[in-house]
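J.: A structural model of the following input is requested.
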Amino acid sequence: MSPKTPTIAAKEAAKPALVPKLRFPEFEVGSVWERRKIGDMLTETPRPIDLEDETDYCLVTVKRRYGGLVSRGVLKGKEIKVSSQFLVKAGDFVVSKRQIVHEACGLVPHDLEGCVVSNEYSVLTAKTGCNIDFFNRFAQQPCVSASFLECSVGIVIEKMLFKLPLWLRREFLFPAIAEQKKIADCLSSLDELIAAQARKVDALKTHKKGLMQQLFPREGETQPRLRFPEFQNAGEWSRKTLEEIADIKSGSTPLRTNDDFFVGGTIPWVKTTDLNNSHIIATEEKITPIAKARINPVGSVLVAMYGGFNQIGRTGCLSVPAATNQAISVLRLDPKIALPIYVLAWLNAKVEDWKRIASSSRKDPNITGSDVAKFPITLPEVREQQCIANCLTSLDDLITTATQELDTLKTHKKGLMQQLFPSVEDVEA
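T.: Here you go, the predicted structure:
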């Protein structure tokens, strides 16, 4: 035998270990993950029911991107168009046959016990040796997501149909039931932390929204419901339009075919997608001085006029000198009358007003330069503007910090899952 030819034992030793990179200590020695078919873990368990005309039924659906199951509302039996319905129970693993290519699958939570789904869904339950909470998290791996598409048929992705029997024959690596439970419990604890942090972020945003409703006068009023003590007797606020407190211009887009306008650019160029309802310190693109675009100074307040309905009314305040495209109105304010940070906060509180203007009597939803010019604003004197802005900025800082903490937890979970499950290379070996 040639010394370069590996023995059978050497070949076996060279194979990747069928275990993840990170394991709990009690499972590190003497056990490997075994290759098993999905059908060894789950079984289809349809529970057909006969709908009664006057009985109420809660219908559920599965959200894409592993978004979980949610209620579609309650209907009388006679109002449900698809007569073929299945009862679901807490802990069922439900797959949307026509949306699974978008990862529309998940567990039935306890509060949706006894709801119904149509025959557009497959209802599966765990077999002996399968922890269903583990499997739900296992299914969120990229290699499993890829198998959803591979086991679906059709030409148009939105009309592809999932072939469950084919998927149940697919093989993946699974640990013993005790390790499954340990992994599921670990990730469940992390999910609870993520959910708690998400509630904190939502609570802060709700608080800010309610505070703005108190700090700014309501429509038709010239004083807010809530004022800082030192301004209790400061009198009524002034009602003006944006054109009365600012010089308003729009930007332009340099010719895209001329590389001299963009290549090596150093001037920030703001598009609607750069607007973040806050201070702008960087942009996706930059332009060169050759483009001869108007440069707006620090403190200019920006408003998106068009670029998609969800972009309309988005704002920004320049923290660096920058040019803008033509879809943005630029407000250069008189600081003796209106502070940029106050105007930004006011406009952010009025996003729904912008959207109403955009959707009214127009073929293409947008707002115009005239709409911006005539948009109303109510202002106190500058010192009170600063106090309001400082208050809301402090709250924004809390929201930003809480959101960053939430993102950190989500990133940690993603990284942990990559460590707790074998790599794609191991799965396919």
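
J.: shaky segments in the stretch 251-400 of the chain?
T.: For the stretch 251-400 of the chain, the stretches with pLDDT under 70 are 361-363.

J.: residue ranges of the strands in it, please?
T.: Using DSSP state E, counting those that start in this stretch, the strands of the stretch 251-400 of the chain run over 267-270, 278-280, 285-287, 301-304, 315-318, 323-324, 328-333, 376-379.

J.: CSV for these, including mean neighbour count and distance to Val29?
T.: Where you see a C-beta, it was placed from the backbone N, CA and C, and this is true even at glycine. Shown next, in CSV, are the strands of the stretch 251-400 of the chain (neighbours: other Cβ atoms under 10 Å; distance: least, Cβ to Cβ, whole Å):
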stretch, mean neighbour count, distance to Val29
strand 267-270, 23, 57
strand 278-280, 17, 52
strand 285-287, 19, 55
strand 301-304, 26, 59
strand 315-318, 24, 57
strand 323-324, 28, 62
strand 328-333, 23, 62
strand 376-379, 18, 69
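
J.: So for stretch 102-112, what gets flagged as buried?
T.: Residues of stretch 102-112 classed as buried under the neighbour-count rule (16 or more other Cβ atoms under 10 Å) are His102, Glu103, Ala104, Cys105, Gly106, Leu107, Val108, Leu112.

J.: Quick check: the third one touching Gly68?
T.: Going back to what we said before, that points to Ala104. No: between Ala104 and Gly68 there is no contact under Cβ atoms under 8 Å: 9.8 Å.

J.: shared neighbours of the two, which are they?
T.: Val62 (Cβ atoms under 8 Å, 6 or more residues apart in numbering).

J.: Check which helices and strands the one helix or strand Leu69 maps to sits against.
T.: Element membership of Leu69, judged by DSSP states H and E, is strand 68-76. Applying 3 or more Cβ pairs under 8 Å, 6 or more residues apart in numbering; DSSP states H and E, we find strand 68-76 packed against strand 56-63, strand 105-107.

J.: Show me the one of those strands that comes nearest Ala184.
T.: Of all the helices and strands packed on strand 68-76, strand 105-107 sits nearest to Ala184, with 10.8 Å by Cβ to Cβ.

J.: And the helix or strand following that closest one, how far out from the chain middle?
T.: Beyond strand 105-107 in the direction of the C-terminus, DSSP H and E gives the next helix or strand as strand 116-118. Relative to its chain's centre, strand 116-118 lies at 27 Å (Cα atoms, centre = their mean, to the nearest Å).

J.: Roughly how far does the spatially closest residue to Lys182 that is not a sequence neighbour sit from Glu179?
T.: Once flanking residues are discounted, Lys182 sits nearest to Phe24: 5.3 Å by Cβ to Cβ, 6 or more residues apart in numbering. Per Cβ to Cβ, to the nearest Å, Phe24 is found 7 Å from Glu179.
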